[in-house]
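Participant: Dropping the sequence and predicted coords here.
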Amino acid sequence: MGILDRFKNRGTQDKAQQMSDTAEQKMNEKTGNKYESQVDDAQQKAEGALGMDRERPDRQ
């Protein structure tokens, strides 16, 4: 069992989503929102790999 499998089984997904959102905000601050869509895509892929898929509003 890999580390990602162990993470999926834990009941800590709410905390992990908060941490993921915080990391996204910090990255966007550091880059001046220049790479906002790429950071969002990376966050979605990371969360998907951890089984944390969630609904997101469509970008305009």
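Facilitator: Received the coordinates, thanks.
Participant: so Val39 is in which element?
Facilitator: For Val39, the host element (DSSP states H and E) is helix 36-49.
Participant: ok, how many other residues are close to Leu50?
Facilitator: 17 (other CB atoms under 10 Å). Backbone N, C-alpha and C define where each C-beta goes, glycine included.
Participant: same thing with Gln38?
Facilitator: Neighbours of Gln38 using other CB under 10 Å come to 11.
Participant: Need the per-residue pLDDT for it.
Facilitator: pLDDT for Gln38: 95.
Participant: longest helix in the protein, by residue count?
Facilitator: For the chain, the longest helix by residue count, based on DSSP state H, is helix 13-31.
Participant: Export it to PDB, keeping only CA atoms.
Facilitator: Provided in PDB are the C-alpha atoms of helix 13-31 (Å, rounded to 0.1, in the frame of the first residue of the first chain):
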ATOM      1  CA  GLN A  13      -9.900  15.100   3.600                       C
ATOM      2  CA  ASP A  14     -11.500  18.300   5.000                       C
ATOM      3  CA  LYS A  15      -8.200  19.400   6.500                       C
ATOM      4  CA  ALA A  16      -6.300  18.300   3.400                       C
ATOM      5  CA  GLN A  17      -8.600  20.500   1.200                       C
ATOM      6  CA  GLN A  18      -8.100  23.500   3.500                       C
ATOM      7  CA  MET A  19      -4.300  22.900   3.200                       C
ATOM      8  CA  SER A  20      -4.600  22.600  -0.600                       C
ATOM      9  CA  ASP A  21      -6.600  25.800  -0.800                       C
ATOM     10  CA  THR A  22      -4.000  27.600   1.400                       C
ATOM     11  CA  ALA A  23      -1.200  26.400  -0.800                       C
ATOM     12  CA  GLU A  24      -3.000  27.500  -3.900                       C
ATOM     13  CA  GLN A  25      -3.600  31.000  -2.400                       C
ATOM     14  CA  LYS A  26       0.100  31.300  -1.400                       C
ATOM     15  CA  MET A  27       1.300  30.300  -4.800                       C
ATOM     16  CA  ASN A  28      -1.000  32.800  -6.500                       C
ATOM     17  CA  GLU A  29       0.200  35.500  -4.100                       C
ATOM     18  CA  LYS A  30       3.900  34.700  -4.900                       C
ATOM     19  CA  THR A  31       3.300  34.800  -8.700                       C
END
